[in-house]
Structures are given as C-alpha cells and as structure tokens.
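**Student:** With the input below, show me the fold.
(one chain, ligands or ions: 1)
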Amino acid sequence: MRYFPLFADLAEADVLVVGGGEAAARKVRLLCKTSARITVVAETVTEELRGLAERGAIALLPRAFLARDLHGQRLVYAATGDGVCDGAVSRAAKARGIPVNVIDAPALSTFITPAIVDRDPVTVAIGTEGAAPVLARQIKALLETLLPANLGVLASRARDLRDGVARAVVDPRRRRRFWERLLRGPFRRAVLSGAQNEAGRILAAELEDEHRLTHATPTGRVTLIGCGPGDPDLLTLRAVQRLQEADVLVVDRLVDAKILEYARRDAERVFVGKTPRGPATSQAEINRLIVREAQAGKAVARLKGGDPLIFGRAAEEMSACQAADIPVEVVPGVTAAQACAARVGLPLTLRERIRQFAVVTGASAEGEPDFEWPALLAKDAAFAIYMGIGNAPLLRRQLLSAGADAATPVVIVENGTREGERTIATTLADLTDAVAQHAVVSPAVIFVGLDWAEAGLCRPAFVIVHRRARRPAIERPLERRAANTEALT
Ligand SMILES: C[S@@+](CC[C@H](N)C(=O)[O-])C[C@H]1O[C@@H](n2cnc3c(N)ncnc32)[C@H](O)[C@@H]1O
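**Tutor:** Reported below is the predicted structural model:
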C-alpha cells in the first residue's frame, strides 16, 4: 500500500482550487459537500463556478495563480490542465508542506481523491492508487446498489445514542456486541423504514436485556468457522459476520492469512497450526484454550481450513464446549475436495456412472493407515484422499492389492485456490512417481476414479499430465526403432 487512506477534517478549513474548467468544477462540487471555505483562482471559469461564486458558496480570484494564494490553505487542487502551471502550483505547495493534488498527475501530487459513496455521515472511499480508476468506479456503482440510500439516518441515530449507550453499557466488549446487535437487527430495520417510535421501543428493550445480562455470569461462545480452501472469496457471508464479531481468533495452519483481514484488527490472534509431521499445538491444549477464552465471556472464532466437520477434529472441540456448557456454533466452509474439483472443472458425480463420492484420509495417527478399500473401489464410486501425499506409495500399493485397476485415473490438486496451485493428471500405477517427480507437497487432494474424458469434458490446458517413462522391453533392434518412431509421432 503506497497511499494510506485518511479522512481530512475540512470543517471551516481553507481549500484552494487552481483552475476554472470542468475538472476544477468537479472537485469544487465534491468540496461543497463539506463546510470548507473554497477559493478558486482562474482567469476564466465555467458557468457553474461563476454561479457558485455569485451565491457566495466559493470565493473567486479572477486572475493567474500567485504563490501567496497558498497562505493558510489546508489542501490545494491544481486543475488548470496546463502542465507548466499545475507543476508550479505543485512545487509551491510542496515547499510549504501543504497537501496538493494535481488532477491526473499522481507524480505531482501528495494525495489522491478516492471515489466516494456518500451516505453522510457514512462515507466509503475507494482507491486503486491511480492504477484503475474505472475499477474504482465499478466498485462504487456496486456499493451504491448495496447500501440503503438512507444509511446515513442510521449512522446519525447511532451518533446521537453513543454517549447514552456508553453510560448504560460500560464494558467495552459488551458494548461492541450491543452495537452489533442494534445495527444488524430490528432496530436497524425500524430506523431505516422511518419507524422512529418503534426503533425507540426496540432500543429500550435491548438496553433492558443488556442490563439483565450484565448482571448474569458472563458467557462467551465458540464458533467453528469453515474458512474454505484458501481463497477468501469462498468464505460464506456468515463466516465473515462471525469473524467480525470475534474477540479471539484461534487459527489453524491451513487458514490463509488473507482470511484474517476480515476479522477486527483488535481481535486477539492465537495460531495453533499443526504441520504434517511437524510442530503442533496438541488438540487437548486447543480444547482447553477455546473453553477458557469463552468462559472469560469472549466470542471465540475457531478458524479451520475447508469445512470444520470434515477432518477438522470438530467433534473434540464441540464436545469440550458442551462439557463446559458453552454455546457452540458451526459455520460450514467449502471443503478442499469441492473447491479443488471446481478449480479444475472435474465433476464429482456423473449421471449413471459415478453414484458415490467419498472423502477419505490418507493419514493415520497410529502407524500405517489401513482402509476398507474394496468398499471404495465399487464400479460406480470415486473418492478424494485428504492428507495422502506423505503416504502416496503406501496408498497406491494398498489400492492395487485391493484389486484397483492400475489404469484408474488419478488427479492431484496441490494448493487448490492458493498461491502455487498445481494439478497433475496421472494413473494409479504412476501415482508415487508423479508425487515424487513433481515434488508435490501438502496441502493436496488426490482424486481417484475421476476423469474429464469420462464426463465428456476437455481436460484444462493447465493440467500437467504425468506418465512414467516405461523401460522399453528387451526387443530386437529393428522392433525397438519402430517403437521409438511411434512414440515421436
Ligand atoms: C486436516 S485436513 C482438513 C480438511 C478441511 N477441514 C477441509 O474440509 O478441506 C487437511 C487436508 O485437507 C486438504 N486440503 C486443505 N486445503 C487444501 C487446498 N487448498 N488444496 C488442496 N488440498 C487441501 C489436504 O489434503 C490437507 O492435507
């Protein structure tokens, strides 16, 4: 981030706009939303600017810019469209330490004006550091449709209530949750629909509830949040909500750092990652930690990769909470198999062909994993192996000796939706070789029995196809030459 976003207080501040054309008028229009004292310096001005000057909304100096115009100014805009003149304004402002913006010239500016969604007093500012103003405008258009036109009414009402609520709900954490409830629930709906008396009644009831709860024993809660495979776009809306409400985040290794951006900045963060065959916080410690934090009255968000209920040790954590009488909620997430299959366009079931799809683990806490492979090898079945990379040779051997066809298609998706994503298509016979040769690492999902061709689809071009080079059979020289020629055609 090069440009740090800030909101400048322009109440009764002096702001100078140099230039009198349409570009200058656009800035003046924006500045008129504040109570800044605006001075425009320009030899000629648009009708709009002239009208504003006549009504006393701006001061007009009908002449060329002079350095002394900068005296006492909080901000300066240069919008003459003349490079020499704009450059002179920029140099003079910089020399006096006054923030300056030259329209369409970031190199001459010390600040830029973002695209704005205005729901006064709520203002959303969108910037792309000048990289893609059109994108900023698209985001603005999207937000304009998402935010109620009278959102400002809700913010103003909240501002009026702020001091009273602070006196009534003294504990800052409880107060934050109180506001979260108020600004999301029936109070919000009543204010936005103009039912102010109804809003008043709801507020009184909420305050009464809060008073009662404050004098009860503090109870926190635990939410197991499925954070998906990595890409934050795959978070559910509820996951985002719970992340924002959380006081403490207890974070697994496979949770992408980008997901934490959705949490409050002041939420505590505890990392409890388990690396395959590496250092780990024990499950018992994690259970104790989430219970202890919730007992202290905090909203604990337990962040897990994928879905919490799939190979996520959710049962142990839920049971620890239940034993301590702590409310526990599960927010589902997109599990790795679904996300990886979607990335590579590989259907997990096929009409009349694949009627069963299973997820299995390729690791075991106690020695070698040993599965009922024949059940998974039914003709109409396919499955995804999680945590199977380290045991790929063993899994291959077990599957082959359980009767699997060596030519069974295998697709490995490593780092699905994350940086370093790779997909390798091979066969069960070549699984070990593919993992070794391409140095596949965790996290990766191994799909067994799924193939694009079978589904009538084209394999995506980015997929790496791995076939182990077979040692040629001992042949007579003439035959070998013929075989090699074929391999080259
Ligand atoms: C402990 S399990 C957790 C599974 C998780 N709860 C889920 O629903 O996806 C970890 C395994 O999930 C798979 N996995 C998780 N994230 C992945 C990703 N982004 N790409 C590929 N595999 C992933 C890998 O097999 C990894 O070893």
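**Student:** OK, contacts around the nearest residue to Leu431 once chain neighbours are set aside?
**Tutor:** Spatially, and ignoring its direct neighbours in sequence, Leu431 is nearest to Arg396 (4.6 Å; C-beta to C-beta, 6 or more residues apart in numbering). (Glycine included, C-beta is placed from N, CA and C.) Contacts for Arg396 (C-beta atoms under 8 Å, 6 or more residues apart in numbering) come out as 428-429, 431-432.
**Student:** and the stretch 101-250 of the chain, which residues reach the ligand?
**Tutor:** 229-230 (C-beta under 6 Å from any ligand atom).
**Student:** what about whichever residue of the chain sits closest to the ligand, distance to Gly230?
**Tutor:** Here the chain gets closest to the ligand at one residue, Gly306, 1.9 Å apart by C-beta to the nearest ligand atom. In this structure, Gly306 and Gly230 are 9 Å apart, going by C-beta to C-beta, to the nearest Å.
**Student:** And Arg175, by the same measure?
**Tutor:** 34 Å.
**Student:** Compare the two (neighbour count), which wins?
**Tutor:** Legend: neighbour count by other C-beta atoms under 10 Å for Arg175 and Gly230, higher for Gly230 (25 against 16).
**Student:** Apart from its chain neighbours, what residue comes closest to that one?
**Tutor:** Per C-beta to C-beta, 6+ apart, closest to Gly230 is Arg418, 3.7 Å.
**Student:** can I assume Leu20 is in contact with Val40?
**Tutor:** For the record, residue 20 is Gly, not Leu. Yes. At 6.2 Å, Gly20 counts as touching Val40 under the criterion of C-beta atoms under 8 Å.
**Student:** Those two: which has the busier surroundings?
**Tutor:** Val40 (28 against 23).
**Student:** ok, now which ones touch the more buried one?
**Tutor:** Residues in contact with Val40, defined by C-beta under 8 Å, 6+ apart, are 17-20, 24, 28, 49, 53, 58-61.
**Student:** Pull out the buried members of those.
**Tutor:** 17-20, 24, 28, 49, 53, 58, 60-61 (16 or more other C-beta atoms under 10 Å).
**Student:** and the residues you listed, which of them are in helices?
**Tutor:** 24, 28, 49, 53 (DSSP state H).
**Student:** Identify the residue nearest the last one in space, chain neighbours excluded?
**Tutor:** For Ala53, ignoring the flanking residues on the chain, the nearest one in space by C-beta to C-beta, 6+ apart is Leu60 at 3.9 Å.
**Student:** From the chain's centroid, how far away is stretch 335-351?
**Tutor:** Distance, stretch centre to chain centre, for stretch 335-351: 22 Å (C-alpha atoms, centre = their mean, to the nearest Å).
**Student:** who's in contact with it?
**Tutor:** 226, 228-229, 231, 234, 305-307, 310, 354-357, 359, 382, 384, 386, 411, 413, 416-417, 421, 423, 443, 445, 447, 450-452, 454-455, 457, 460, 463.
**Student:** Using PDB, list the CA coordinates for it.
**Tutor:** Presented in PDB, the C-alpha positions along stretch 335-351 are these (Å, rounded to 0.1, in the frame of the first residue of the first chain):
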ATOM      1  CA  THR A 335     -14.200 -28.400   1.800                       C
ATOM      2  CA  ALA A 336     -11.000 -29.000  -0.100                       C
ATOM      3  CA  ALA A 337     -12.400 -31.700  -2.400                       C
ATOM      4  CA  GLN A 338     -15.200 -29.500  -3.600                       C
ATOM      5  CA  ALA A 339     -13.000 -26.400  -4.100                       C
ATOM      6  CA  CYS A 340     -10.200 -28.300  -5.900                       C
ATOM      7  CA  ALA A 341     -12.700 -30.100  -8.200                       C
ATOM      8  CA  ALA A 342     -14.400 -26.800  -9.000                       C
ATOM      9  CA  ARG A 343     -11.000 -25.200  -9.800                       C
ATOM     10  CA  VAL A 344     -10.200 -27.900 -12.400                       C
ATOM     11  CA  GLY A 345     -13.800 -28.400 -13.600                       C
ATOM     12  CA  LEU A 346     -14.000 -32.100 -12.500                       C
ATOM     13  CA  PRO A 347     -17.500 -33.300 -11.700                       C
ATOM     14  CA  LEU A 348     -17.500 -35.400  -8.500                       C
ATOM     15  CA  THR A 349     -20.600 -37.500  -9.600                       C
ATOM     16  CA  LEU A 350     -21.700 -38.500 -13.000                       C
ATOM     17  CA  ARG A 351     -25.200 -39.500 -14.000                       C
END
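**Student:** buried set for that stretch?
**Tutor:** In stretch 335-351, the ones that count as buried by 16+ other C-beta under 10 Å are 335-344, 346-348, 350.
**Student:** Helices - which of those residues land there?
**Tutor:** The helices, defined by DSSP H, take in 336-344 from these.
**Student:** Flag the shaky bits of the chain, pLDDT-wise.
**Tutor:** Applying pLDDT under 70 to the chain picks out residues 217-218, 274-279, 471-489.
**Student:** Show me it divided up by domain.
**Tutor:** Taking automatic domain parsing as the reference, the chain has its domains at 14-113, 151-214, 221-334, 343-465.
**Student:** Quick check: the most centrally placed residue in the chain vs Arg2, distance?
**Tutor:** Residue closest to the average C-alpha location in the chain (C-alpha atoms, centre = their mean): Pro232, at 3.6 Å. Per C-beta to C-beta, Pro232 is found 22 Å from Arg2.
**Student:** Tell me the residues of the stretch 351-489 of the chain that contact the ligand?
**Tutor:** Residues of the stretch 351-489 of the chain lying close to the ligand (C-beta under 6 Å from any ligand atom) are 386-387, 413, 415-418, 442-445.
**Student:** Appreciated, that's everything.
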